[in-house]
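# Quick one: sequence and predicted model below, then my questions.
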Amino acid sequence: MLVKDSDEQNGKTHKENTHLSGVLQAKEKQINQQLDEIENLKLQFQEAKIENERINLKLNTYNSASFVLQHIVPKPIRKNKAGEDVY
């Protein structure tokens, strides 16, 4: 009887180990997928930061050009009789 009980216990243990091994593999696969997704999101975030910086630099260029147009380029004071701008 003792050998039979031991064989049954070994069979149960083997089934449990097989099941747990499958569960572990499934969890590892999920974790790897999540890590891949995190890496993809990090890449997208870096690309967005680069694009944001590019847009900010372009905006600064536009602001500089606007400043030049508003403060440095002379503005006409009035028009003469011929309709030309007078500075």
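Sure thing, it's come through.
# Which strands border the lowest-mean-pLDDT helix or strand in the chain, and is each parallel or antiparallel?
Across the helices and strands of the chain, the lowest-confidence element by mean pLDDT, DSSP states H and E is strand 85-86, at a mean of 82. The strands beside strand 85-86 in its sheet (DSSP bridges) come out as strand 78-79 (antiparallel).
# Distance from the chain centre to the helix or strand where residue 8 lies, please.
Element membership for residue 8 (DSSP states H and E) is helix 2-67. Distance, stretch centre to chain centre, for helix 2-67: 14 Å (CA atoms, centre = their mean, to the nearest Å).
# What is the burial count for residue 16?
By other CB atoms under 10 Å, 10 other residues sit near residue 16. C-beta here means a position set from N, CA and C on the backbone, and glycine is covered the same way.
# In contact with it, which residues?
By CB atoms under 8 Å, 6 or more residues apart in numbering, no residues touch residue 16.
# ok, residue 49 to residue 42 distance?
Residue 49 sits at a distance of 11 Å from residue 42 (criterion: CB to CB, to the nearest Å).
# ugh, typo on my part, it should be residue 52
Taking CB to CB, one finds residue 52 at 15 Å from residue 42.
# And for residue 78?
59 Å.
# what does residue 8 give?
Residue 8 sits 51 Å away from residue 42, going by CB to CB.
# got it, and residue 68?
Applying CB to CB to residue 68 and residue 42 gives a distance of 39 Å.
# can you pull the pLDDT of the residue nearest the centre of the chain?
Most central in the chain under CA atoms, centre = their mean is residue 45, positioned 2.2 Å from the mean C-alpha point. In this model, residue 45 is scored at 98, pLDDT.
# Then residue 21?
Looking at residue 21, its pLDDT is 96.
# ok, now residue 5?
As predicted, residue 5 sits at a pLDDT of 74.
# Count the neighbours of it for me.
As a burial measure, residue 5 scores 9 neighbours (other CB under 10 Å).
# and if you look at residue 73?
Residue 73: 8 surrounding residues under other CB under 10 Å.
# roughly how far apart are it and residue 85?
Taking CB to CB, one finds residue 73 at 12 Å from residue 85.
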